[in-house]
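In: predicted model, plus sequence, below.
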Amino acid sequence: MATPFVSTANSLLSTNLSSSTPSSLSSAATKVSLYTPKLNARRPLAMCKAVCESASPSLVATRRKFSLCFITTIAFPLVRDGDSRAKAVLEAEDDIELLEKVKKDRKKRIEKQGVISSSQKERGYLQDLVYKLSKVGQAIENNDLSAAGSVLGASTETDWVQKANLAFTKLTSSAEEKTEVDNFNSSLASLISSVTRNDIESSKTAFVLSATAFEKWTTLTGLVAELKGL
């Protein structure tokens, strides 16, 4: 039903248009022109100003974008480049300090080895110390404190202890090494006292502490490879 309705409307429209004369059309056009309102001469200027004002925020935004782009592409790389150079300088300084430390440590080892090589008598004292500690350890393990006491002696004033301390004094060069020497002498005094009192448990504890301190000292000084029985 919709198609016949559209066709009828089109035929009526074409009939009305064809029945209109040129004169009537001209008259209608004249009437339209008579009632056309006059445009305000200031309105185009106002419109232009409005357009310019509406465009200005985009111009500001464009400038801001340009500034951000400049900072991102120019300023930030310069900052990163400066940080990289500063980091490189610090790393180079660290490498130099590390190299100097390695050189100093190597020099100390060479000097220490020279002292050890020229200290045959002191190494003999220390080798005797290793032998006596081994004998004492075996005696304590067998619960034979009388045998341990015969090796140790009555006090730290015995000849072998005094000679061992002469070697300690000559071959000790650092504070850490001296600490281990003090620990050894303190533990040895406790060991002699415990053996004299016939206290087996205290003797075992004191012996372990003495042997541990001496072993640490030989490791620090580099003598651990020079002495037999360690």
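Out: Ah, there it is.
In: show the contacting residues for the closest residue to F168 other than its chain neighbours.
Out: Nearest non-adjacent residue to F168, counting by C-beta to C-beta, 6 or more residues apart in numbering: V181, 4.7 Å away. (Each C-beta comes from the backbone N, C-alpha and C, glycine too.) V181 makes contacts with 165, 168, 172, 213, 217, as judged by C-beta atoms under 8 Å, 6 or more residues apart in numbering.
In: moving C-terminal of the helix or strand where V181 lies, what's the next helix or strand?
Out: If you go by DSSP states H and E, V181 is part of helix 175-196. Counting by DSSP H and E, the element after helix 175-196 in chain order, helix or strand, is helix 200-221.
In: any regions of the protein where pLDDT drops low?
Out: 1-83, 105, 107-109, 111-113 (pLDDT under 70).
In: can you show me the helices along it?
Out: 2-19, 22-34, 43-70, 76-117, 120-141, 145-152, 159-171, 175-196, 200-221 (DSSP state H).
In: buried sites along the last one?
Out: It refers to helix 200-221. 203-204, 206-207, 209-211, 213-218, 220-221 (16 or more other C-beta atoms under 10 Å).
In: do the fifth one as well
Out: Using 16+ other C-beta under 10 Å as the burial criterion, the residues of helix 120-141 that qualify are 122-123, 125-127, 129-130, 132-133, 136-137, 139-140.
In: now for that helix, which elements pack on it?
Out: In terms of contacts (3 or more C-beta pairs under 8 Å, 6 or more residues apart in numbering; DSSP states H and E), helix 120-141 is packed against helix 145-152, helix 159-171, helix 200-221.
In: how about a cut-off of 10 Å?
Out: If contacts are counted by 3 or more C-beta pairs under 10 Å, 6 or more residues apart in numbering; DSSP states H and E, helix 120-141 sits against helix 76-117, helix 145-152, helix 159-171, helix 175-196, helix 200-221.
In: what's the closest non-adjacent residue to G229?
Out: Closest to G229 by C-beta to C-beta, 6+ apart is V130, at 4.6 Å.
In: let me redo that: Q127
Out: Distances taken as C-beta to C-beta, 6+ apart place L227 nearest to Q127, at 5.7 Å, with adjacent residues excluded.
In: how about the one you found, what does it touch?
Out: 123, 126-127, 129-131, 214, 218 (C-beta atoms under 10 Å, 6 or more residues apart in numbering).
In: just the closest of those to S84, please.
Out: Closest to S84 out of those is T218 (47.6 Å), distances taken as C-beta to C-beta.
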